[in-house]
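> Need the 3D shape of this:
(one chain, ligands or ions: 1)
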Amino acid sequence: MRVALVGLGDIGLSAHLPALQRHPDINLVQLADPNPTRRTAVAELQIPLSAAVDPTTVDAVVLATPPWVTPGLTISYAQAGLFVLAEKPVATSIEAAGVYGRLNPDERGRVQVGLTYRHDPAIGQLASWIADGTLGETVLVRAHIYDEPFRPDDTEHTARITATLEHGPPVVHEGAHVFDWLTCLLNGQPTVEDAWAVHTRPGLPAPNLTGARLTYPGGHQALVEFGWFTGALPRCELTVLGDRGLAVLDGFTFDLTLTTAEGEKVVRFPGDRMTRCFDRQLDRFVALYNGTRAAEPSLDDGLAALHTAQLIAGKTT
Ligand SMILES: NC(=O)c1ccc[n+]([C@@H]2O[C@H](COP(=O)([O-])OP(=O)(O)OC[C@H]3O[C@@H](n4cnc5c(N)ncnc54)[C@H](O)[C@@H]3O)[C@@H](O)[C@H]2O)c1
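Numbers count the residues shown, from 1 in each chain. Next comes the predicted model:
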């Protein structure tokens, strides 16, 4: 499969590029970014570079682009007949995502969304403990998602996160992942019961802390918190508590700790989380291209996560 990587920024270069180079069934034939500085930074790789991809020269594109750019690119490449792995969130709002309505079912079916961490075996393990009653009949999930510390001296990071906040609070950007995990874990879409948001200092383009209480089918509850851009960060983790046990998912490593009456056990999967998940994500993308599997996560999965995030953001204004 001939693939072009579009968007040579942080996640493009740190995770997608090495994963694409590692994958045995992928031939990385082009790198594209309209920003010449981004292209210069990878010139030594000797992979053809351009401002935009000529769709006649590739089978698929990986879009590591900002979410206010991704919808337009996804549509144009899918309509040109390509397979598209598009970064999350699929758009910055449900209104902005309305453009996906231009895709016909065949084009839509060729779009996989970069909800990368759904592919981690830790999510599958946690889902089994919930489904088989290891933790109890109904559970309380607490998702504490804190990332992107404020480091004023790091001007690139500060500019990137400020620009991202201009297009929505962390619940939109991080929520894409978390609401997708919760749907996998709790088997359905939530009702948003209540929500709150805080600006921790003046001048931020969006509230940088947001939280909400959600109910899921079967009586499961979730308390979610998203925070960016404070000078220090609380622990990033997801806990699942029921009558029979407690499971803790480390937000960065995805190591799992299960505590029940039988004691405590730690479950660790091989490799680091990022390598493991970006590799598995590409396995699915190759299977989509080969016609052996449907897109997972699909565009509808990405839209469902965005819908929940927007319901929460809407309740805080
Ligand atoms: N899946 C994950 O785990 C994960 C992790 C981090 C970020 N992300 C997502 O990846 C996306 C990119 O994030 P980032 O931190 O790398 O941002 P970034 O700003 O560092 O990089 C984005 C790149 O896209 C380029 N770009 C802008 N417009 C373009 C266009 N029209 N065509 C091609 N390239 C264009 C920019 O020049 C830049 O190089 C975001 O949506 C973010 O939410 C996903």
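> Check what pLDDT residue 217 gets.
We have a pLDDT of 96 for residue 217.
> Neighbours of it, how many?
Under the neighbour criterion other C-beta atoms under 10 Å, residue 217 is assigned a count of 11. Yep, even glycine has a C-beta here, placed from its N, CA and C like the rest.
> wait, what's in contact with it?
Contacts for residue 217 (C-beta atoms under 8 Å, 6 or more residues apart in numbering) come out as 186, 187, 188.
> from what I can see the second one touches residue 139, true?
Yep, that's residue 187 we're talking about. No - using C-beta atoms under 8 Å, residue 187 makes no contact with residue 139, being 11.5 Å away.
> give me every residue that touches the residue of the chain found nearest the ligand.
Nearest residue of the chain to the ligand: residue 9, at 1.8 Å (C-beta to the nearest ligand atom). The contact partners of residue 9, by C-beta under 8 Å, 6+ apart, come to 33, 38, 64, 65, 160.
> okay, residue 187 and residue 139: which has more neighbours?
residue 139 (26 against 14).
> Excluding covalently adjacent residues, which one is nearest to residue 249?
residue 238 (4.3 Å; C-beta to C-beta, 6 or more residues apart in numbering).
> From residue 55, how far off is residue 83?
11 Å (C-beta to C-beta, to the nearest Å).
> and for these two, which residues touch both?
Shared contacts of residue 83 and residue 55, counting by C-beta under 8 Å, 6+ apart, come down to residue 61.
> more neighbours, the two?
For residue 83 versus residue 55, neighbours defined as other C-beta under 10 Å are more numerous around residue 83 (22 against 17).
> re the thing from before, send me the helix or strand that contains the residue nearest to residue 249 as PDB with only the CA atoms.
Here residue 238, judged by DSSP states H and E, is contained in strand 237-241. This file holds the C-alpha atoms of strand 237-241, laid out as PDB (Å, rounded to 0.1, in the frame of the first residue of the first chain):
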ATOM      1  CA  GLU A 237      -5.600   8.000  35.000                       C
ATOM      2  CA  LEU A 238      -8.800   6.200  34.600                       C
ATOM      3  CA  THR A 239     -10.300   4.200  37.500                       C
ATOM      4  CA  VAL A 240     -13.200   1.700  37.300                       C
ATOM      5  CA  LEU A 241     -14.800   0.900  40.600                       C
END
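> strands paired with it, and their directions?
strand 140-147 (antiparallel), strand 245-250 (antiparallel) (DSSP bridges).
> Let me see the domain layout of this protein.
According to automatic domain parsing, the chain comprises the domains 2-117+276-295, 118-271+305-315.
> is the last one anywhere near the ligand?
Yes - where contact is defined by C-beta under 6 Å from any ligand atom, part of domain 118-271+305-315 touches the ligand, namely 160, 173.
> What's the mean pLDDT across stretch 24-35?
98.
> Numbering from 9 from now on, please.
Got it, first residue is 9 now, which makes that one stretch 32-43.
> From the chain's centroid, how far away is it?
The chain centre lies 21 Å from the centre of stretch 32-43; the measure is C-alpha atoms, centre = their mean, to the nearest Å.
> List the buried residues of that stretch.
34, 36, 37, 38, 39, 40, 41 (16 or more other C-beta atoms under 10 Å).
> Which members of these additionally contact the ligand?
40, 41.
> Between the buried residues of stretch 32-43, which sits nearest residue 141?
Distance to residue 141, by C-beta to C-beta, is smallest for residue 34 among these, at 40.3 Å.
> Residue 125 is in contact with residue 186, isn't it?
No - contact between residue 125 and residue 186 fails when scored by C-beta under 8 Å: they sit 9.2 Å apart.
> what would the strands paired with strand 245-249 look like in a markdown table with mean neighbour count and mean pLDDT?
Listed next are the strands paired with strand 245-249 as a markdown table, based on neighbours: other C-beta atoms under 10 Å; pLDDT from 0 to 100:
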| stretch | mean neighbour count | mean pLDDT |
| --- | --- | --- |
| strand 148-155 | 20 | 97 |
| strand 253-258 | 20 | 98 |
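> Reformat those into a markdown table and put distance to residue 114 next to each item.
Converted to a markdown table, the strands paired with strand 245-249 look like this (distance: least, C-beta to C-beta, whole Å):
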| stretch | distance to residue 114 |
| --- | --- |
| strand 148-155 | 35 |
| strand 253-258 | 36 |
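> mind checking which of those strands is nearest residue 292?
Comparing those by C-beta to C-beta, strand 253-258 comes nearest, at 21.0 Å.
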